[in-house]
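Engineer: Only the shape, not the letters, is given here:
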């Protein structure tokens, strides 16, 4: 999975092109015209782009690299909340495009496809970061949230203060958002 993650990381710009083509050209299963649906899609797209812009503001140009070249670990802005805000922004952005195009059936397809892609990329990235930063990265991991995949839904007890240092090893099927130091941790 980590070799696949490295390949996906290097090609992450062109991989969503089939999604773009589907949003632009598919009219199969199009929902009836609705101002609310289009406005919701635009809102979700703008939210995704805002998350991305906020993240890029903090991480800088290093986020555009296609190699395993790394800059410093970032613990400010959205990276203080979640370790992978660019991927969360991308998922929201693409799901919003599908909603605005009135292709509601495509929204879960996009979410699942991108979740699987980002699961593999995050596993590869975490391996690279662990090798390069060791204890400094482990300390940051304990303070931030993680987007990863998990097979079974769980609701952890109030006061849970745990954050996974690595991606789940189970087959990816659902999103898992877990926060360290939160009063309640929900994994779905």
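Structural biologist: Sure thing, it's come through. Small disclaimer: the values here were computed from a predicted structure and weren't measured. Residues are numbered from 1 along each chain as shown.
Engineer: got any ranges where the chain has weak pLDDT?
Structural biologist: Residues of the chain meeting the criterion pLDDT under 70: 1-2, 62-70, 145-188.
Engineer: For it, just list every one of the helices.
Structural biologist: 2-10, 17-25, 35-59, 85-100, 106-133, 135-143 (DSSP state H).
Engineer: Would you reformat those as JSON lines and include mean neighbour count and distance to residue 79?
Structural biologist: In this view, the C-beta of every residue, glycine as well, is placed from N, C-alpha and C. Converted to JSON lines, these look like this (neighbours: other Cβ atoms under 10 Å; distance: least, Cβ to Cβ, whole Å):
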{"stretch": "helix 2-10", "mean neighbour count": "16", "distance to residue 79": "17"}
{"stretch": "helix 17-25", "mean neighbour count": "12", "distance to residue 79": "25"}
{"stretch": "helix 35-59", "mean neighbour count": "16", "distance to residue 79": "6"}
{"stretch": "helix 85-100", "mean neighbour count": "22", "distance to residue 79": "6"}
{"stretch": "helix 106-133", "mean neighbour count": "19", "distance to residue 79": "12"}
{"stretch": "helix 135-143", "mean neighbour count": "14", "distance to residue 79": "9"}
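Engineer: Look at stretch 20-34 and report the distance between its end residues.
Structural biologist: 21 Å (Cα to Cα, to the nearest Å).
Engineer: Also stretch 4-16?
Structural biologist: Using Cα to Cα, the end-to-end distance of stretch 4-16 comes to 16 Å.
Engineer: Can you give me the separation between residue 127 and residue 5?
Structural biologist: Distance, residue 127 to residue 5, by Cβ to Cβ, to the nearest Å: 8 Å.
Engineer: excluding its backbone neighbours, what's nearest residue 77?
Structural biologist: Excluding the flanking residues, the one nearest residue 77 by Cβ to Cβ, 6 or more residues apart in numbering is residue 58, at 3.7 Å.
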